[in-house]
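Asks: quick one, fold the following:
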Amino acid sequence: KGVDIIIALDVSSSMLAQDIKPNRLERAKHKITDLLNMIEGDRIGLVAFAGTSYLQCPLTLDYSAAHIFLNAIDTQLIPVQGTSIGHAIRTSVKAFNKQDTRSRAIILITDGEDHTGDALPSAKWAKEHETKIFAIGIGREIGTPIPSSEPGTSGFKKDRAGEVILTKLDEPTLQQVALETGGSYVRSVTGDMDLQKIYLESIKHKVEKKEIKTERKRIWHERFQWMIFAALFCLTVGY
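Replies: Coordinates of the predicted model:
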């Protein structure tokens with residue numbers, strides 16, 4: 001028995017900010033790795049998002065496969081920049097089994113800077129689909145510059161006026177999103193205290209478990225062509 005969990009990870013350029021060492025994205029990936037080592041019997045999926053979002057890893061009990069997909073995530077993964085938390089929530093909800101609305105949880109890991117204003121309406125939509133959102137805020141409330149991600153450039157990102165762009169954690173948005181769905185919010189801290197609060201204290205207690213079935217199939221690949229080729233070669237040499 002377990003829970004279906006979709007981890008929605010922010011990969012926008014603001015996640016390169018270094019107010020959290022080594023940077024926000026790397027801290028988030030470390031958190032997810034720790035979570036994969038912690039969970040037992042739950043299916044895990046990954047959604048990456050910036051200005052848009054897509055399913056990086058479908059729900060699976062194969063945690064080693066989830067690790068592989070996680071390692072491939074970086075800020076260059078999605079060409080549409082910005083942060084659309086609402087789109088990420090909707091993509092995450094659609095990743096669950098449509099016929100089974102039980103035991104659904106989304107772990108939203110982001111700095112909370114939503115550029116579309118659709119976060120709260122999407123959270124209400126997730127609630128209608130019986131999905132709880134548990135948010136982890138990455139970053140600090142003090143504005144921090146974003147390192148430039150352009151190849152061959154250094155320094156920080158600037159706007160059209162030449163001013164350095166600052167990014168900061170937007171906790172109120174994440175708190176509202178979590179509260180709307182009956183989930184909870186924590187700020188990322190060093191160690192696993194936040195993960196224990198989200199996973200062990202919240203998801204394990206607030207989300208109903210269900211029986212999760214998995215199966216293995218042995219799929220045979222035809223290789224008789226190689227034997228035929230070898231036999232024809234021998235016949236040709238014999239003549």
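Asks: and the helices in this structure, which stretches?
Replies: 24-38, 63-71, 85-94, 119-128, 171-181, 193-195, 204-206, 224-238 (DSSP state H).
Asks: ok, which of those comes nearest Gln56?
Replies: helix 63-71 (5.2 Å; CB to CB). Every C-beta, even on glycine, is put in place using the N, C-alpha and C of the backbone.
Asks: name the surrounding residues that touch that closest one.
Replies: With contacts defined as CB atoms under 8 Å, 6 or more residues apart in numbering, helix 63-71 is touched by 29, 32-33, 36, 39, 44-46, 56-57, 60.
Asks: now do the buried residues in that helix.
Replies: Under the neighbour-count criterion of 16 or more other CB atoms under 10 Å, helix 63-71 has 63, 66, 69-70 buried.
Asks: turn those into CSV, including distance to Ala95 and pLDDT.
Replies: Formatted as CSV, the buried residues of helix 63-71 follow (distance: CB to CB, whole Å; pLDDT from 0 to 100):
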residue, distance to Ala95, pLDDT
Tyr63, 17, 93
Ala66, 13, 95
Phe69, 13, 95
Leu70, 15, 95
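Asks: okay, stretch 56-73 in PDB with CA atoms only?
Replies: Provided in PDB are the C-alpha atoms of stretch 56-73 (Å, rounded to 0.1, in the frame of the first residue of the first chain):
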ATOM      1  CA  GLN A  56       9.600  14.200 -17.000                       C
ATOM      2  CA  CYS A  57       9.100  10.800 -15.300                       C
ATOM      3  CA  PRO A  58       5.700   9.000 -15.200                       C
ATOM      4  CA  LEU A  59       4.600   7.500 -11.900                       C
ATOM      5  CA  THR A  60       6.800   4.500 -11.100                       C
ATOM      6  CA  LEU A  61       7.900   2.200  -8.300                       C
ATOM      7  CA  ASP A  62      11.400   2.100 -10.000                       C
ATOM      8  CA  TYR A  63      13.200   4.700  -7.900                       C
ATOM      9  CA  SER A  64      16.500   4.100  -9.700                       C
ATOM     10  CA  ALA A  65      14.800   5.200 -12.900                       C
ATOM     11  CA  ALA A  66      13.500   8.300 -11.200                       C
ATOM     12  CA  HIS A  67      17.100   9.100 -10.200                       C
ATOM     13  CA  ILE A  68      18.100   8.900 -13.800                       C
ATOM     14  CA  PHE A  69      15.400  11.400 -14.900                       C
ATOM     15  CA  LEU A  70      16.200  13.600 -11.900                       C
ATOM     16  CA  ASN A  71      19.900  13.800 -12.900                       C
ATOM     17  CA  ALA A  72      18.900  15.000 -16.400                       C
ATOM     18  CA  ILE A  73      17.000  18.000 -15.100                       C
END
